[in-house]
Structures are given as C-alpha cells and as structure tokens.
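S.K.: quick one: sequence and predicted model below, then my questions.
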Amino acid sequence: MFSMNEFGNNLYSGKTSFPFVGKRRLWFVIAILLVVGSALVPLIRPVQFSIEFTGGSQFVVLAPSSTDQSLATDAVRSIVPEAAAKVVTVNDRDVRVQTDQMTPDETQEVKAALSEAYDVKADEITDSFIGPAWGENVTRQSLWGLAIFLALTFLILAIYFRTWKMSAAAIIGLLDVLLITVGVYALAGFEISPAAVIGFLTILAYSLYDTTVVFDKIRENTTEDVNQTTRTFGESVNLAVNQTLIRSINTSVVAALPVGAILFIGSLWFGAETLTDISLSIFVGIIVATYSTLFVAAPLYSLFREKEPAIVAHDAKVHEARDRAVAKV
C-alpha cells in the first residue's frame, strides 16, 4: 500500500530518486520547446493589452435587458465606422465597450447610440477615457518594476549563496517561468492588464521562494559532501532536489487550491471579471514555477559548476573509490 510518509522518507534518504540532474538534457530540451512555443504564441494569437496600456475610451452599459454584444458593436460603428470596438459582458449583466480614444463629441454620440440600442437611460451608461501618455507610463513603470526585481534578485542571491552561478541559474529559472506564463496567458486570450502584471510579479516572488529553499538544501548537501567520496557533485544536487520534492509539491498544491477556486469558481462561474486577470496569471505561474525550480534551475546550477577544478577533482575521487569497491567484489 502506498504511503506518502514512506515515499517522502525514501526520497530524503536517496532510496528513491528521480533523475532531475541525470536527465537534464531532456528537461532542457523540453524547457526550450516550451519557451520557444510561448514566444511564438503572439504569431498565432496576438497578445492583447488592456486599455490601461493602449489608451482609449470605455463605455459601460449598466444592467441592460439584453447583453447582445453585436448591439454595442453596431452602435459604435454607426457613429465612428472605422472604430474597432472590443465588447465583453461583465458580471453577466453589464456590457463593457472599449474603443480607440474618441473626441468629446464622438463620446456623447456613441453614448446616445448605446442608450438607444440597449433601451436604457443615458445616465445608466458610464464613460471614461485613458490617454496614450498614461498608458505609455504604465508600460514603462511595469518594465522598470520587472527589471529592478530581477536585478535585486540576482544581487541578493549572489550575496546569500556566495556564488553568482546560483544567482544566474535562479534568474534563468525566473525568466523561464515568466515567458511560459505569459505565453499561456496570451494563448488563453486574456488581456494583459495592470492586474495581470501584478500577478506576474507575484508568481516570480513565489518562484524565487521555492528556488531559494531548494538551493539552500543544495548548498547544505554539496558543502557536507566536499570531504567524502560517496556522491558526486551532481548526485548531491539531485539528492537535494529529491529531498525537497514533497515540500515543493505540497506548497504548490496549497497555494494553487485557493487561487484555483478564485479563478474557476469566482471568475469563470460567478463572473467576477475583475479577478480573472490576476488569478489566472498566479494559478498558471504557481504550476510553472514548481516545474522550473525542479527541472530547470537546479539542473542548470549543477551544469554551471561541474567543470570547476575542485569539483572535477572531487568527482574523480568518487569514481575512483567506486572503481576500487567494484574491484574488491
């Protein structure tokens, strides 16, 4: 009978071991395919940015008797024929219309057309606009936030672990998480909004936490194994990943369950549209972050260090000891 406690003990002792380092070429090929696939998503389905990034006008028809989106599209085009209207139903009762930025006169005319199309009073339609300069500022600040986060992460990890190679492996793992999450997000057809950006930064922080815990165990194992000849450097790294595997899975499940509830029950079932952006990015990011730590960051760190003279000498001693043991048998 399967026992999770026994399984965890076997992983910690090394009796049961998954080849995270031993089959790293396979994991790297899969990772590269996922990243390339995510990068190619915009060619198949262009990334959509919310009005906060692009600027434009927005109208919300409050609780009309019909939520037929074609009525809004026809109403907008009757006033501005060349306008591209993006129409969605919010909370299963309101109709939101986003267009390119309009003049004050066009705004009032579109508002009147929507009022007639949905048979509601004019004061039951709200209108707002965001200028392109504000959208550019939001984009710039988001990129700066990401750049500063990655730079501080690299610096702090280098100081904490006393090696830039561990920082480099962690940063590559974070970029892997970010690219795949954005690719899945775009493939799902959701707009990238400020809430989504907050979600991306949140999952980067989660990924960093998971990576730090695993790397801390790697440092402990590799430090202890310097003066013994039972395990090579790569085997010590692999043991550390296996020893933290159950913790990584449990943390991911515990983190993903409430976010999944928000996404699938709150957002998709009850129509809480404002929660969709951030909950989807965090939900996907949690899953990808766990995968990236185990299959990308840790094996990559082992690859970065295995050619160092001291480690090469240590691994040679391990193999010599094993050869002598086999010869005696």
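M.R.: Perfect, thanks for sending it. Numbers count the residues shown, from 1 in each chain.
S.K.: now do the closest residue to residue 262 other than its chain neighbours, the pLDDT please.
M.R.: Leaving out its chain neighbours, the residue that sits closest to residue 262 by C-beta to C-beta, 6 or more residues apart in numbering is residue 279, at 4.4 Å. Where you see a C-beta, it was placed from the backbone N, CA and C, and this is true even at glycine. In this model, residue 279 is scored at 81, pLDDT.
S.K.: for residue 218, same thing?
M.R.: Per the predicted model, pLDDT is 91 at residue 218.
S.K.: roughly how far apart are it and residue 304?
M.R.: As judged by C-beta to C-beta, to the nearest Å, residue 218 and residue 304 stand 12 Å apart.
S.K.: buried residues, the helix or strand hosting residue 282. List them.
M.R.: Counting by DSSP states H and E, the secondary-structure element that holds residue 282 is helix 273-292. Neighbour-count burial for helix 273-292, counted by 16 or more other C-beta atoms under 10 Å, picks out 273, 275-292.
S.K.: and the angle from whichever helix or strand comes after it to helix 273-292?
M.R.: Heading C-terminal from helix 273-292, the first helix or strand you meet, by DSSP H and E, is helix 298-305. Relative orientation of helix 298-305 with respect to helix 273-292: 50 degrees, computed using axes from the mean of the first three to the mean of the last three C-alpha atoms, to 10 degrees.
S.K.: contacting residues around helix 298-305?
M.R.: Contacts of helix 298-305 from elsewhere in the structure, counted by C-beta atoms under 8 Å, 6 or more residues apart in numbering, are 20-21, 24, 27-28, 163, 165-166, 168-169, 172-173, 214-215, 218, 233-234, 237-238, 240-241, 311.
S.K.: for stretch 317-329, same thing?
M.R.: 229-232.
S.K.: ok now it, how far from the chain's centre?
M.R.: Going by C-alpha atoms, centre = their mean, to the nearest Å, the spacing between the C-alpha centre of stretch 317-329 and its chain's C-alpha centre is 45 Å.
S.K.: how about stretch 71-88?
M.R.: Between the mean C-alpha location of stretch 71-88 and the chain-wide mean there is a distance of 34 Å, by C-alpha atoms, centre = their mean.
S.K.: quick one: buried residues of that stretch?
M.R.: Of the residues in stretch 71-88, those with enough neighbours to count as buried (16+ other C-beta under 10 Å) are 71-73, 75-77, 79-80, 83, 85-87.
S.K.: stretch 185-192 now?
M.R.: 185-186, 190-192.
S.K.: want to throw those into JSON lines with pLDDT, secondary structure and distance to residue 201?
M.R.: As requested, the buried residues of stretch 185-192 are arranged in JSON lines below (pLDDT from 0 to 100; DSSP: H, G, I helix; E, B strand; the rest coil; distance: C-beta to C-beta, whole Å):
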{"residue": "185", "pLDDT": "80", "secondary structure": "helix", "distance to residue 201": "14"}
{"residue": "186", "pLDDT": "81", "secondary structure": "helix", "distance to residue 201": "17"}
{"residue": "190", "pLDDT": "78", "secondary structure": "coil", "distance to residue 201": "17"}
{"residue": "191", "pLDDT": "78", "secondary structure": "coil", "distance to residue 201": "17"}
{"residue": "192", "pLDDT": "81", "secondary structure": "strand", "distance to residue 201": "13"}
